[in-house]
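# requesting a structural model of the entry that follows:
(2 chains)
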Amino acid sequence: MVFVKQVPDTKNISGEAMTPEGTVNRAALPAIFNPEDLNALELGLQLKERFNFKVTVATMGPPNAAEVLREALYRGADEAILITDRAFAGADTLATSYALSCCVKTVGNVDLILCGRQAIDGDTAQVGPQLAEKLNIPQICYVEEVVDIKEKSIKARRSIEGGFEILESPLPALLTVIDINEPRPASAKGIMKYKKAKTRSELAKLHRDADYTEATVLLEKENELRSKNLWIHEWDAGKIQADINRIGLKGSPTKVKKIESVVLKAGKVVSIEPTEVGINGLIRELIEDHTLG
Amino acid sequence: MSTRGNVWIFIEQEGGEIAEVSLELVCKGTDLAKRLGVKTEAVILGDKLDGKFDSLFHYGCHTVYQVEDKALEPFTVLPYAQALVKLLKEHRPNILLFGATLKGRELGPRVASEMMAGLTADCTDLQIDDFEDKVAKLSYKDKLMQIRPAFGGNIIATIVNTWEDPQMVTVREGVMKLTIPDATKKGKIVKITPELSPETKLMKVLERVRQPKSVDLKKASIIVAGGYGVGSKENFKLIEQLAEALGGQIAASRAAVDAGWINHDYQVGQTGVTVRPKLYIACGISGSVQHVAGMNESSKIIAINSDPDAPIFSSAHYGIVGELNDVIPKIIRAFKAKI
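Below is the predicted model of the structure:
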């Protein structure tokens, strides 16, 4: 099972995403597949080829997050689950990992869970280890390579401060993955097939204005998509049997007191001409104030 | 007098050698403890640690919990988490600090999850203040303000843990300053043998390869850093020449590291090292917020960039718009002529 996240593209903040005050306009940022989750998915797909796993990809997020699930299907994932419910909103890492653990339990019989090390919007790297704890299974963080998998154990190489180590762990286990591979692009065949894959909300939206009794038609459409393996499961808090007190804001011990935008302070910068005279003057000044020499 | 718990620091060690970030946290923790009127206590896990941690007392610890078991050397997360959780449940510290290292970021979340405690990652500042939760209409006195960059470094968030203690955070390396140690200070050692359950020992380390870090940027007083604008690995020699001439250390931005011109040990910024040298020369570095976060406390910053609109100029004290191939040799000549 691979957990992924749709994130705002915080790494490529372009001019249009900046307000005149120098802060970020989040709405202007494109939503992307979290980079290290793509590495985790790629590892999952390689393990599918090596060991004949079935790869289920899941994400928690708003209805639009179905887009990253389709992208995962284009690349070769077998099944996709969108965990979505207003009750999940405002979750910190503890509440998130609890909800994901409920999803794993609902799926059942999961041998291996892969996550990217961290998402680029929060950079916390906490959900992986916390999910492992919630499921009471071992975790191997910062995985560089899966050396081998046997029926009941896994051997993986992972990064440590100043080097690496090879760990052996019983299965089921959770791995967090760093930027270790070149994620395969979506295949043309995959896109052809799975661009039609839909969640229930997407299906309902598509037929919103249709002039027929919706319930039966929707059910028919759903069954058609299911039979063609084009159904993206959409699970809410009830479906995964999540305790309502442990999800969303209610299930989050951390509260945000204050958010400040980083405004790069406009310069009191002294401009130095790139000439012998300009640079000699600067060096003299730095030697005189004992910065240099 | 409240029954408030103490300030705890998780001490990270490798082969008995204490990580510098742990000492930085003892200093910050001592500061917080004074503010709260409680004690500073440290917990160190491993095997055969006797005599390896006097420095913790010198920097301000009152007590060190020394937890020893063969299964705690080398570090693996399951026995560490179990031993630590037992101690936390017994002593209920008010605050628990981890370094935001690979180990700290692996262990902290596991422990927080089991304790049902909040955890804030990668803090760059910690303060004590009151907190009013306007939504829940609750107010809290003397809480830990957990301040961290988020959203790719574009915002700074202040986060508070409102559930039961401990208030847990990981803190970025090099951000908290070391105080002057007092070698006469002593403290209490509490030895503990944890009773680890067999399932924590199922994970095995088959092989372990470590090399000491190739460089310690935090100690350098002059840093010459190259970015993507350097253009090639070949051109990075210019950066080396300038550093050598000035008696400084080379460093790099993430873009130069990602391009493969230099290894990650040299990276300054949010995902690298935080530095505050006397002089920082940024060569061909555009100046993303992520990079600037790791160097903007340098006493003097010179930026050299061919793009006059590069954001780095707004963080610099001196700006030179020009080509590195032209400007760097001129600096070297000017310095050699004056010295």
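# and residue 6, how many neighbours?
Since no chain was named, I'll use chain A. Around A:Gln6 there are 22 other residues, counting by other C-beta atoms under 10 Å in any protein chain shown. Using the backbone N, CA and C atoms, a C-beta is placed for each residue, glycine as well.
# my question was about chain B, not that one.
20.
# list the contacts of it.
Taking C-beta atoms under 8 Å, 6 or more residues apart in numbering or on different chains, we find B:Asn6 in contact with B:Ala33, B:Val38, B:Lys39, B:Thr40, B:Glu41, B:His62, B:Thr63, B:His91, B:Pro93, B:Asn94.
# who wins on neighbours among these?
B:Thr40 (27 neighbours).
# can you tell me the strand partners of the longest strand along chain B and which way each runs?
The single longest strand within chain B, with elements called by DSSP state E, is strand B:138-150. The strands that strand B:138-150 pairs with in its sheet are strand B:125-133 (antiparallel), strand B:155-161 (antiparallel) (by DSSP bridges).
# now do the shortest one: everything it contacts.
To tie it back to what came earlier, the one meant is strand B:155-161. Residues from elsewhere that reach strand B:155-161, judged by C-beta under 8 Å, 6+ apart: A:23-24, A:253-262, B:117-120, B:131, B:140, B:143-150, B:167-168.
# after the host helix or strand of A:Ala215 comes which helix or strand?
Assessed by DSSP states H and E, A:Ala215 sits inside helix A:214-227. Following helix A:214-227 in sequence order, the next helix or strand is strand A:233-235 (DSSP H and E).
# ok, and what's touching that next one?
Defining contact as C-beta under 8 Å, 6+ apart, one finds that strand A:233-235 is touched by A:63, A:66, A:79-84, A:103, A:106, A:199-201.
# wait, which of these is closest to chain B?
Nearest to chain B, judged by C-beta to the nearest C-beta, of the contacts of strand A:233-235 is A:Cys103 at 15.9 Å.
# stretch B:14-28 and chain A, any residue contact?
Yes: on the criterion C-beta under 8 Å from any C-beta of the partner chain, stretch B:14-28 is in touch with chain A at B:Glu14.
# got the end-to-end distance for that stretch?
End-to-end distance of stretch B:14-28: 22 Å, with C-alpha to C-alpha, to the nearest Å as the criterion.
# over to stretch B:160-170?
With C-alpha to C-alpha applied, stretch B:160-170 spans 13 Å between its terminal residues.
# list the buried ones in it?
By 16 or more other C-beta atoms under 10 Å in any protein chain shown, the buried positions in stretch B:160-170 come out as B:Val160, B:Asn161, B:Thr162, B:Asp165, B:Pro166, B:Gln167, B:Met168, B:Val169, B:Thr170.
# got a list of what A:Ala132 touches?
Going by C-beta under 8 Å, 6+ apart, the list of residues near A:Ala132 reads A:Ile113, A:Pro138, A:Gln139, A:Ala173, A:Leu174, B:Arg110.
# same thing but at 10 Å, please
If you count contacts by C-beta atoms under 10 Å, 6 or more residues apart in numbering or on different chains, A:Ala132 has them with A:97, A:101, A:113, A:115, A:138-141, A:172-176, B:77-78, B:81, B:106, B:109-110, B:113.
# secondary structure element for it?
Here A:Ala132, judged by DSSP H and E, is contained in helix A:127-135.
# any buried residues in the top helix by length along chain B, and which?
Identified as the longest helix of chain B according to DSSP state H is helix B:20-36. For helix B:20-36, burial by neighbour count (16+ other C-beta under 10 Å) applies to B:20-33, B:36.
# elements contacting that helix?
If you count contacts as 3 or more C-beta pairs under 10 Å, 6 or more residues apart in numbering or on different chains; DSSP states H and E, helix B:20-36 packs onto strand B:7-11, strand B:40-46, helix B:54-58, strand B:95-99, helix B:102-115, strand B:125-133, strand B:138-150, strand B:167-171.
# least confident secondary structure element in chain B?
Taking mean pLDDT, DSSP states H and E as the measure, chain B has helix B:289-292 as its least confident helix or strand, at a mean of 88.
# how's chain B carved up into domains?
Following automatic domain parsing, chain B resolves into domains at B:7-201, B:217-338.
# please convert those domains to TSV, extending it with distance to A:Ile154.
Converted to TSV, these look like this (distance: least, C-beta to C-beta, whole Å):
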stretch	distance to A:Ile154
domain B:7-201	14
domain B:217-338	26
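# how long is stretch B:215-231 end to end?
In stretch B:215-231, first residue to last residue: 23 Å (C-alpha to C-alpha).
# next one: stretch B:220-236
Stretch B:220-236 has its terminal residues 19 Å apart, counting by C-alpha to C-alpha.
# distance of B:Val111 relative to chain A?
Distance, B:Val111 to chain A, by C-beta to the nearest C-beta, to the nearest Å: 8 Å.
# and the residue of the stretch 1-150 of chain B that's closest to chain A?
Going by C-beta to the nearest C-beta, chain A is nearest to B:Gly118 of the stretch 1-150 of chain B, at 3.5 Å.
# in the stretch 151-293 of chain A, which spans are helices?
A:188-194, A:200-206, A:214-227, A:276-288 (DSSP state H, counting those that start in this stretch).
# other SSEs contacting the longest one?
Helices and strands in packing contact with helix A:214-227 are listed as helix A:200-206; criterion 3+ C-beta pairs under 10 Å, 6+ apart.
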